[in-house]
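Chemist: Model the structure of this input:
(2 chains)
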Amino acid sequence: MDQPPAIELRGLSRHFGERTALRQVSLRVPPGATVAVLGHNGAGKSTLLRILATLLRPHAGEVAVLGEPLPRRAFAIRGRIGLLAHEPLLYRDLSGRENLRYQARLHGVGRQRVERLLAAVGMEARADEPVRALSRGMVQRLAVCRAVLHEPSVLLLDEPRANLDPAAGELVEPLIGRATGATRVLTSHDPEAALAEADLVLGLRQGRAAFAGPVAELDRRRLAELYA
Amino acid sequence: MSTVLTVLRKDMLLELRSLETVPAMVLFSIATFVIFHFGLNRATIDGQLAAGVLTVTLLFAALLGVNRLFVAEREQGGFDAFLLAPVDRSALLVAKAAALFAFLAMLEVVAVPAFGVLLLGPSLGPPLLGLIAVLALADLALAVIGTLVSAIAVQSRARDLIGPLIGLPLLIPALIATARAAGPLLAVHGSGSPPGKWVAVLALYDLVFALLAYAVFDFLLED
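Modeler: Numbers count the residues shown, from 1 in each chain, chains lettered A, B, ... in the order given. The predicted model follows:
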């Protein structure tokens, strides 16, 4: 018998005024799998992540995450999704530690988890400085901590390694990489890097699914067409 | 309740760090008292005129706080971070209203004595308890309506315009009730307690808008 999917999209559409961001997108992601969402800027990648994160409503079609239909049962899955967005979702006038403790309280997570994460990303020494005083790479490391604070079952990763140097990339790998066991949806401007860690690919062109299937079935020609 | 306290604590910490809201409200109030002092060409005022000047000044100062209430949430992703958490969204309304109430109380700790020194004829001592009660009810109206208006305005590019445009008409009844309740308190040989009728109007207005805000706030957070 088929395993119930962690994420299921059927004919998902979303508009912003006259503009269609997503049109009739369908996808089925088994638990623990990684999907690379590829496409040009404006193809609909971030919109898809925001819908899966329950921050945007779909305008047509069906969306289910961890078996819960959205947006009707959004409340049931909010604590089980982690979103690493373009913006770090951190208050610039608070320190990294204060930001993470604030988020931890909202998610019902203890302070020890905050300290463990700060240590894991090498930010203990700078954790009491205001976020506005930190480099982009450091802010991204804190954003990773915020996204995984509550050990989510589904990770939505929008350019997760943006602003990170190779050493910092290695630090965050155990938190957002395949080893977490979470179902992951990730976007990247570097398709080769995204494909290297994905099981499935959703290729978007102008909001439509130009390709949806296993990585092995995406040949060079199809990949080139996505970015043509 | 713990979510409300968590968000409230964060807002207080942000204000303490940035000092963007309360100092601006205080400076605005004191500048306005000075303007009234010269504009009215009177050394002192009392009674209904004094109540009107105090109420209008506090109302306009409050609008500065209303305009800034959700700015950090909007510009720094606080809305998204909050909406991703498995918490009741109404907690954000209660916490923001409590934060605005606290900002108004801090403002009044400075602005009311300044009003007493700069403009008010009669002593502030005898009516102080009554005045605190009236201002507390007025602050509640400002906090609830201000939070609702701010949550609407912050979604728009013209938030600095929309806040006053929607907020001021909604606050007129509260302004009238506050001024009428405070008038007798600030009169020469005035009463030590505010008129019950206007206090009741203000309390009823607070209750109605608190219920209304609670009912609609979730929808304001939808995309």
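Chemist: any low-confidence regions in chain A?
Modeler: A:1-2 (pLDDT under 70).
Chemist: Around chain B, pick out the residues from it.
Modeler: Residues of chain A lying near chain B by C-beta under 8 Å from any C-beta of the partner chain: A:53-57, A:75, A:78-79, A:81, A:83, A:85, A:87-94, A:98, A:102-103, A:105-108, A:130, A:146. The C-beta positions use only the backbone N, C-alpha and C, and glycine is treated the same way.
Chemist: list the helices and strands the one helix or strand in chain B whose mean pLDDT sits lowest packs on?
Modeler: Ranked by mean pLDDT, DSSP states H and E, the weakest helix or strand in chain B is helix B:71-75, scoring a mean of 85. On a contact count with 3 or more C-beta pairs under 8 Å, 6 or more residues apart in numbering or on different chains; DSSP states H and E, helix B:71-75 meets helix B:78-83.
Chemist: on that earlier part again, give the buried residues for the least confident helix or strand of chain B.
Modeler: B:72, B:73 (16 or more other C-beta atoms under 10 Å in any protein chain shown).
Chemist: Downstream of the helix or strand where residue B:145 lies, the next helix or strand is which one?
Modeler: Using DSSP states H and E, residue B:145 falls within helix B:128-153. Once helix B:128-153 ends, the next helix or strand along the chain (criterion: DSSP H and E) is helix B:159-182.
Chemist: Quick one: end-to-end length of stretch A:50-60, please.
Modeler: 15 Å (C-alpha to C-alpha, to the nearest Å).
Chemist: quick one: the residue in chain B sticking out farthest from the centre and residue A:54, what's the gap?
Modeler: Distance to the chain centre peaks in chain B at residue B:86, reaching 29.8 Å (criterion: C-alpha atoms, centre = their mean). Residue B:86 sits 10 Å away from residue A:54, going by C-beta to C-beta, to the nearest Å.
Chemist: can I assume residue A:184 sits in a strand?
Modeler: Yes: if the criterion is DSSP: H, G, I helix; E, B strand; the rest coil, then residue A:184 is within a strand.
Chemist: The residue nearest to residue A:199 when sequence neighbours are not counted: neighbour count?
Modeler: Nearest residue to residue A:199 in three dimensions, chain neighbours excluded: residue A:33, at 4.5 Å (C-beta to C-beta, 6 or more residues apart in numbering or on different chains). By other C-beta atoms under 10 Å in any protein chain shown, the residues close to residue A:33 number 20.
Chemist: For residue A:33, give its distance to residue A:5.
Modeler: In terms of C-beta to C-beta, residue A:33 sits 9 Å off from residue A:5.
Chemist: same check, this time on residue B:129
Modeler: Counting by C-beta to C-beta, the gap from residue B:129 to residue A:5 is 64 Å.
Chemist: quick one, which of these two is more surrounded?
Modeler: In this comparison of residue B:129 against residue A:5, neighbours counted by other C-beta under 10 Å, the higher total goes to residue A:5 at 18 against 13.
Chemist: In which helix or strand does the more buried one reside?
Modeler: With DSSP H and E as criterion, residue A:5 is part of no helix or strand.
Chemist: same check, this time on the one 4 residues further on
Modeler: Residue A:9 is part of strand A:7-16, with elements assigned from DSSP H and E.
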